[in-house]
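1. please work out how this folds:
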Amino acid sequence: MIVSKMNAASPAYEEIIEFIASGTTPEAIVAYRPSPEAQERVLELVEREKAASLTASEKAELDHFLELEHILRMAKAKARQFLSGEIPN
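-> Numbers count the residues shown, from 1 in each chain. The predicted structure is shown next:
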């Protein structure tokens, strides 16, 4: 089931996956921001969700992105700890 959901992933979702898969550094994680196009798409989906006009596939797209955003926030927090020396590399 997860594979079929990933095949239908949005470009914004794919962008984050590519960033993670390419390998990175704590500095790059802290500095990472989704592209303007990805940000616009997510904003559009959020606005449409508020207006209750999302399709089921758009709702899944938004949910996937929000899950990854949460993971990125957690990774950024951990990367900041590495960079501050709180956690040894």
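
2. start and end of stretch 11-30, how far apart?
-> 21 Å (Cα to Cα, to the nearest Å).

3. could you give the mean pLDDT of it?
-> For stretch 11-30, mean pLDDT is 84.

4. what's the biggest helix in the chain, counting residues?
-> helix 56-84 (DSSP state H).

5. what about it, distance to the chain center?
-> 5 Å (Cα atoms, centre = their mean, to the nearest Å).

6. give me the buried positions along that helix.
-> E58, A60, E61, L62, H64, F65, L68, L72, A75, A79, F82 (16 or more other Cβ atoms under 10 Å). All C-beta atoms are positioned from the backbone trio N, CA, C, and that covers glycine.

7. of these, which is the nearest to P36?
-> F65 (14.8 Å; Cβ to Cβ).

8. so what pLDDT did the closest one get?
-> So, for F65, pLDDT stands at 87.

9. contacting residues around stretch 71-81?
-> Outside stretch 71-81, the residues within contact range by Cβ atoms under 8 Å, 6 or more residues apart in numbering are I16, P26, E27, I29, V30, Y32, I87.

10. scratch that, stretch 28-35
-> With Cβ under 8 Å, 6+ apart as the criterion, stretch 28-35 contacts 12, 15-16, 19, 24, 39, 42, 72, 75-76, 79-80, 83.

11. kindly recompute the last result at 10 Å.
-> 11-13, 15-16, 19-20, 22, 24-25, 39-42, 65, 68-69, 72, 75-80, 82-83 (Cβ atoms under 10 Å, 6 or more residues apart in numbering).

12. start to end distance for it?
-> Terminal-residue distance, stretch 28-35 (Cα to Cα): 14 Å.

13. pull the distance from that stretch to the chain's centre.
-> That offset, for stretch 28-35, works out to 10 Å (Cα atoms, centre = their mean).
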